[in-house]
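Student: quick one, structure for this:
(one chain, ligands or ions: 2)
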Amino acid sequence: MGEAREGPGRARLAAPPSELHPDVLEALGRLGIERLYSHQAEAVRSAWEGPTIITTGTASGKSMCFNLPTLDVLCRDRRARALYLYPTKALARDQARALAAFGMTKRVRPAIYDGDTPREARAEIRRSANVVLTNPDMLHVGILPNHAAWADLFANLAVVVLDEAHVYRGVFGSHVANVLRRLRRVAAAYGTEPRFLLTSATIANPVELAERLTGLDEIGLIDEDGSPAPSRRIAMWNPPLTDEALGARRSALGEAAELLAQLVRDGARTICFMNSRKGVEVLSRLVKQDLADSDPELAERVAPYRAGYTAQQRRELEGRLTRGELAAVITTDALELGIDIGDLDAALVVTFPGTVASLRQMWGRAGRSSVGRRGKGLAMYVAGEDALDQFFCRHPEDFLDRPVEAAILDHESPLIYRRHLLCAAHEGPLSAQDAEFLGPRWEAHAELLQSAGELRRRPRERPAHGGGEREDDSPGATLAPSTYVLRRPGGYPAADISLRSASPEQFAIVDVASGELLGSTEAARAHSTVHQGAIYLHLGQPYEVRELDLDRRRALVAPFEGDWYTQPKRETDTSIVRLLDRRETLGVTLSFGEVNATETVLAYQRKRVGDHSPLDLVALDLPPTSFPTQALWFELGSEDPELSETVPLDTLLGALHATEHAQIAVLPLIAMCDRWDIGGLSTNFHEQTHGPTIFIYDGHPGGIGIARAAFSRFEELCGDAHRLIAECPCSGGCPSCVQSPKCGNLNEPLSKAGARLLLERMLAVRPQPAIAAPL
Ligand SMILES: [Zn+2]
Ligand SMILES: [Zn+2]
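Tutor: Numbering: from 1, shown residues only. Ligands and ions are numbered 1, 2, ... in the order given. Take a look at the predicted model:
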């Protein structure tokens, strides 16, 4: 077991800025807060200067950093309003309680406005709440399109808070970046320019994230944590190998159950995180069994907690946990984001949660410190057999000592951007001054939407009246720059956009038993994720697809109890549409550009959950699907005699394929994303490059910046992929290195040795500085 220690660190304190409004200082006094952590005082000053992002550690009192400047504004200006955005409803409720704790009832009137807010309460909230807590989805579909009803809020909007901003990445982040630009645009139409205050978990690019999300520049950064680091023991547990050649290990679940039962016996109040609902159920059963023999009473004090419980059930469990009646709670990441459940002694994370940032947040549950108290705790991690798990487990120091992952998003991803441009046109005619909010290329996109029949160009109204939405096509209109409006004035484009998916083309997923709509999936992915016979996971719960109805765009599913999962067999093809950037590095030609990815799902394999052994292969009859996206590709000279010396031709394809898998496996450590967000293709002859080529592409239509990040950090990607392969003890490749759970070729052919040689050959060439080719 690997072990490390953190802290304890001393707190750095500072007096609250004396310029704060006396009522705010008084409220702090009532709360017994005489001194702030240094970063809180700095954040207040930075917020007065300009937009600010705060990235101090878990439980370092980040809310105080944006609450103080907000309360200050509300005290100085009775009409001022603030908007707080949270990624989940639970977090908004938690923050509403935190605001109420200041006891400034005369000055501060917080209210939650989300899908659960009763209709009859809404008008009053619009009229009088001066802190409106909501989520980006509600802002997008409910508030911005109805800005006239919110005129008073927009006309007095002083502060916008974006808490947990690192959550806004990938597809979701690309949408939210557009929603925030629309927000700034609508606010400007009402004459305000709100101050943006953001917080984020520790990531590699906080300022860049804030800039990309808001479209603002000169963002202030507060990252020097003045709170006392809790004294924390960190332990990494890699289940022992049972078969070295195959790379097989004891199960993470079984190991975790033993550890957790022991922690409970030792009297440590523990929270345990698993990434699937099924895993949560299985683990709590194992722990209860283990405890039942020796101490049945303790077994009763272990409970699972997962999405899908009612609000009532959740509150009850939270209460039992806070009061210390529960010894251990086992959960999916439902609790990850900072809801206050008090101090716990230990946090156990079973299998890698996808990003180091969320691992740290989960660990942060143990030994949380509050002002004047120093926490103590145990933070543990039990590795699974996945490549990312094993790689992380071998190099914790590389990833724990400094933020490595960058939160990636692309607000101009065309499919996403253009949908929001329609929403913006609905909120007010698009015109030349919108470049400030929507970017310099907005008009090119608007022209495309015009030719697609969605927007209509109209001559600008006479400049005499300001900002009205009156339709005016009178021939007397001047030749001033034109504006764009919706072709169908009665439309409501926001209703057609989900902030959680890249493309408006969706397949509905319907539970046949209950008729309930479980969710939806992007059309581009439907064939591979919800084909007939597929085992589909929804919130960690498995379902079996009974029928994929292509005409009605829906998949009918039923709850599934079996012990297999499915992996589709696909034929993939990529055609290069446009080259955007190119450089020579590591002895290869590395390119970035737009491609068209075409996939045909041919069959699926059923595999046993326990040991991944294949059960059978079932043929499917599905038409090809294709979508435009962004990719990097690199060419290994086919004429190169040295290449065939390094990697003999008969293993070349296996070597390329294994290299592609290894690169995709480690890419999430550079760009915060999921392996499932990335696609790949390797071939020893590509029609357009005329040689051996590896493609890595964004798995979402239009692309969201993942391939671009991989292009710019390609050398690192190759270095990590090489370490992943070289350090794995298996002989011929295993799930911990070159095998991929999502391979469309069912992991055939793969050459671990060939990939190792290929990457070694590349890394032996000194990296060249990046030079963008003029195109
Ligand atoms: Zn291996
Ligand atoms: Zn593959």
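Student: so what touches stretch 524-533?
Tutor: In this structure, residues lying in contact with stretch 524-533 by C-beta atoms under 8 Å, 6 or more residues apart in numbering are 503, 505, 507, 509, 521, 536, 544-548, 553, 555, 557, 566, 568, 570, 599, 601, 604, 606, 618, 620, 622, 625, 627, 699-701, 744. The C-beta positions use only the backbone N, C-alpha and C, and glycine is treated the same way.
Student: I'd like to know how far the closest residue to residue 394 other than its chain neighbours sits from residue 349.
Tutor: Spatially, and ignoring its direct neighbours in sequence, residue 394 is nearest to residue 727 (5.8 Å; C-beta to C-beta, 6 or more residues apart in numbering). Residue 727 is 22 Å from residue 349, where distance means C-beta to C-beta, to the nearest Å.
Student: these two - which one has more neighbours?
Tutor: Just comparing residue 727 and residue 349: by other C-beta atoms under 10 Å the higher neighbour count belongs to residue 349, 25 against 13.
Student: narrow the contacts of stretch 524-533 to just the buried residues.
Tutor: 503, 507, 509, 521, 536, 544-545, 548, 555, 557, 566, 568, 570, 599, 601, 604, 606, 620, 622, 625, 627, 699-701, 744 (16 or more other C-beta atoms under 10 Å).
Student: low pLDDT regions in the stretch 201-350 of the chain?
Tutor: Scanning the stretch 201-350 of the chain for pLDDT under 70 picks out 306-311, 334-342.
Student: wait, a strand at residue 325?
Tutor: No: assignment of residue 325 by DSSP: H, G, I helix; E, B strand; the rest coil gives coil, placing it outside any strand.
Student: measure it to ligand 2 for me?
Tutor: Remark: distance between residue 325 and ligand 2 (C-beta to the ion, to the nearest Å) = 49 Å.
Student: ok, so what distance separates that residue from residue 65?
Tutor: 33 Å.
Student: give the contact list for residue 752.
Tutor: Contacts of residue 752 by C-beta under 8 Å, 6+ apart are 658, 725, 728, 730-733, 737-738.
Student: again with residue 77
Tutor: 156, 158.
Student: and it, how far is that from residue 190?
Tutor: 15 Å.
Student: quick check: phi and psi on residue 192?
Tutor: For residue 192, the backbone dihedrals (degrees, to the nearest 10) come out as phi -120, psi 160.
Student: taking the stretch 401-550 of the chain, what residue is nearest to ligand 1?
Tutor: Here the stretch 401-550 of the chain gets closest to ligand 1 at one residue, residue 404, 22.5 Å apart by C-beta to the ion.
Student: burial check on that residue, number of neighbours?
Tutor: Neighbours of residue 404 under the rule other C-beta under 10 Å: 18.
Student: can you check residue 583 too?
Tutor: 19.
Student: next, it: secondary structure please.
Tutor: Using three-state DSSP, the structure places residue 583 in strand.
Student: beta partners for it?
Tutor: The residues listed as beta-bridge partners of residue 583 by DSSP bridges are residue 590.
Student: wait, it touches residue 712, no?
Tutor: No: counting by C-beta atoms under 8 Å, residue 583 sits too far from residue 712 to count as a contact (9.7 Å).
Student: among the contacts of residue 752, which two are most distant?
Tutor: Using C-beta to C-beta, the contacts of residue 752 span at most 13.4 Å, a distance reached by 658 and 731.
Student: just the strands in the stretch 351-500 of the chain please.
Tutor: For the stretch 351-500 of the chain, applying DSSP state E, counting those that start in this stretch gives strands covering 376-382, 455-458, 483-486.
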